[in-house]
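**Q** Fold the following and give me the result.
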Amino acid sequence: MDTIETIYKRRSIRNYLDKKVEKDTIITLLKAATAAPTAANCQPWEFIVIDDAEKLSEIKEKFNFARYNAPVAIVVCGNMKLAFKGPGKEMWVQDCSAAIENILIAATSIGLGSVWIGVYPMESNIKPVKKILNIPEYVTPLGIVYVGYPAEEKEARTRLDEKRVYWQEYEPSRKHRTKDKPIIGHY
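**A** Numbering: from 1, shown residues only. Sure thing, here's the model as predicted:
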């Protein structure tokens with residue numbers, strides 16, 4: 001599969017086969033994550049891999065919007081001791097988001113399914129994850145990526161909307177339909 005095709009094929013998969021994901025495969029995903037760009041090469045990311053059924057159940061119990069049957073969860077965290085300092089201190093969010101996207105694309109490219117569960121910035125999501133996983137105060141969980149062999153297949157797609165593309169400058173007079181949706185934590 002070429003890169004563009006893989007990007008279009010990447011979809012949020014919420015139903016998985018009861019099949020273990022091999023450790024070497026997980027390491028491949030982590031290598032892809034750490035190939036992401038990072039502000040000033042800070043590399044603030046840290047990863048907690050969960051493949052223990054009991055620990056996965058604890059996580060799922062706290063997130064009613066994330067009770068999928070994936071055999072692996074990768075919690076992507078930002079370590080503030082490693083993050084960019086000063087006015088750009090929030091760049092860790094972009095760095096770790098790029099790492100998550102690399103995991104999602106890499107998973108698709110090797111035949112795995114995945115879904116990104118948002119944690120940060122909602123304190124009601126951050127607190128239970130930190131407690132369950134014993135995460136120190138200077139580390140913030142950005143998101144959870146569930147990974148596994150997909151039990152569903154979705155069509156490849158892109159969501160390009162020409163109305164959202166501007167050439168040379170923004171056109172404030174252009175009208176868009178808005179969607180007032182509550183944030184529930186997954187992408």
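
**Q** C-alpha only now, for contacts and for neighbours.
**A** OK.

**Q** residues contacting the residue lying closest to V72 once chain neighbours are set aside?
**A** Leaving aside its chain neighbours, V72 sits nearest to D51 (4.7 Å; criterion: Cα to Cα, 6 or more residues apart in numbering). With contact set as Cα atoms under 8 Å, 6 or more residues apart in numbering, D51 has these partners: P71, V72, A73.

**Q** So which elements touch the longest strand along the chain?
**A** Ordering each strand of the chain by length in residues (DSSP state E) puts strand 139-148 first. In terms of contact count using 3 or more Cα pairs under 8 Å, 6 or more residues apart in numbering; DSSP states H and E, strand 139-148 is assigned the packing partners strand 72-79, helix 91-109, strand 113-118, helix 123-133.

**Q** closest one to Y149 among those?
**A** The closest of these to Y149 is strand 113-118. By Cα to Cα, the value is 5.7 Å.

**Q** tilt between the closest one and helix 91-109?
**A** 160 degrees (axes from the mean of the first three to the mean of the last three Cα atoms, to 10 degrees).

**Q** how about the CA coordinates for strand 113-118, as CSV?
**A** Provided in CSV are the C-alpha atoms of strand 113-118 (Å, rounded to 0.1, in the frame of the first residue of the first chain):
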residue,chain,number,x,y,z
GLY,A,113,-7.1,-1.3,13.1
SER,A,114,-6.9,1.6,15.5
VAL,A,115,-8.9,4.4,17.1
TRP,A,116,-7.7,7.5,18.9
ILE,A,117,-9.3,8.2,22.2
GLY,A,118,-8.9,11.8,23.4
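
**Q** So what's the gap between that strand and the chain middle?
**A** Centroid separation between strand 113-118 and its chain, computed with Cα atoms, centre = their mean, to the nearest Å, is 5 Å.

**Q** and the angle for that strand with strand 139-148?
**A** Computed by the same axes, to 10 degrees, the angle separating strand 113-118 from strand 139-148 equals 160 degrees.

**Q** Now do strand 113-118 and helix 123-133, the angle between them.
**A** Using the same axes, to 10 degrees: strand 113-118 against helix 123-133 is 120 degrees.

**Q** Which strands or helices does strand 113-118 pack on?
**A** Using 3+ Cα pairs under 8 Å, 6+ apart, the elements in contact with strand 113-118 are helix 91-109, strand 139-148.

**Q** Quickly run through the sheet partners of the last one, with directions.
**A** Translated: strand 139-148. Applying DSSP bridges, strand 139-148 is found paired with strand 72-79 (antiparallel), strand 113-118 (antiparallel).
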